[in-house]
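Student: Task: produce atomic coordinates for the following.
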Amino acid sequence: MNGLRQPRRVLLVEDSLADIELTLEALSGAEFKSDVTTVRDGAAALDFLRNTPDGYPDLVILDLNLPRMTGHEVLAAMRADKSLRLIPVAVLTTSSAAPDVARTYELGANCFLTKPTDFDRFVFVVQSVNNFWLGLVRLPH
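Tutor: Okay, here's the model as predicted:
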């Protein structure tokens, strides 16, 4: 365990209400509990990260296809900001396109996952990301 506070904090950046509900349901059954804040566009994500009074989240789960500012733009801004660059970012998106994967890693994402269309597989993926980043990995706080 990484010795951080329990539960950990996750910022979910997702514009689809259906995907938000699915992700929250999956996280509710995860081994390592997390407090989840949800924002629905890229600009709101950066605003939250730069202005949260309670410190930074332990993990950002980021969609690429967002209004106002894409996930790639959010990721680039996070990695350019000294105070945000160490926050782990798991990209969870519908894309599986090679250029999206390459660009995401070039910008410094910690992992790239394509959203499964099967509910059980989706739950498995979200819980695995949560349990890995919030339960097994030592985070730089």
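Student: Find the centremost residue of the chain, please.
Tutor: residue 61 (1.0 Å; CA atoms, centre = their mean).
Student: quick one: it is in a strand?
Tutor: Yes: the assignment for residue 61 (DSSP: H, G, I helix; E, B strand; the rest coil) places it in a strand.
Student: in the sheet, who's paired with it?
Tutor: Beta-bridge pairing for residue 61 (DSSP bridges): residue 12, residue 90.
Student: So, low pLDDT: which residues of the chain?
Tutor: 1-7, 141 (pLDDT under 70).
Student: could you pull out the strands for it?
Tutor: Assigned by DSSP state E, the strands in the chain fall at 8-13, 34-39, 59-62, 89-93, 111-114.
Student: Distance to residue 82 added to these, as CSV?
Tutor: Backbone N, C-alpha and C define where each C-beta goes, glycine included. Listed next are those as CSV, based on distance: least, CB to CB, whole Å:
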stretch, distance to residue 82
strand 8-13, 18
strand 34-39, 22
strand 59-62, 16
strand 89-93, 15
strand 111-114, 22
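Student: Quick check: residue 113 touching residue 130?
Tutor: No: taking contacts as CB atoms under 8 Å, residue 113 lies outside contact range of residue 130: 11.8 Å.
Student: So the two - more neighbours on which side?
Tutor: Neighbours were tallied for residue 113 and for residue 130 using other CB atoms under 10 Å; the higher tally belongs to residue 130 (25 against 16).
Student: ok, now which ones touch the nearest residue to that one once chain neighbours are set aside?
Tutor: Distances taken as CB to CB, 6 or more residues apart in numbering put residue 30 closest to residue 130, at 4.3 Å, once the chain neighbours are dropped. By CB atoms under 8 Å, 6 or more residues apart in numbering, the contact list for residue 30 reads 126-127, 130-131.
Student: Next: residue 31.
Tutor: Contacts for residue 31 (CB under 8 Å, 6+ apart) come out as 127, 130-131, 135.
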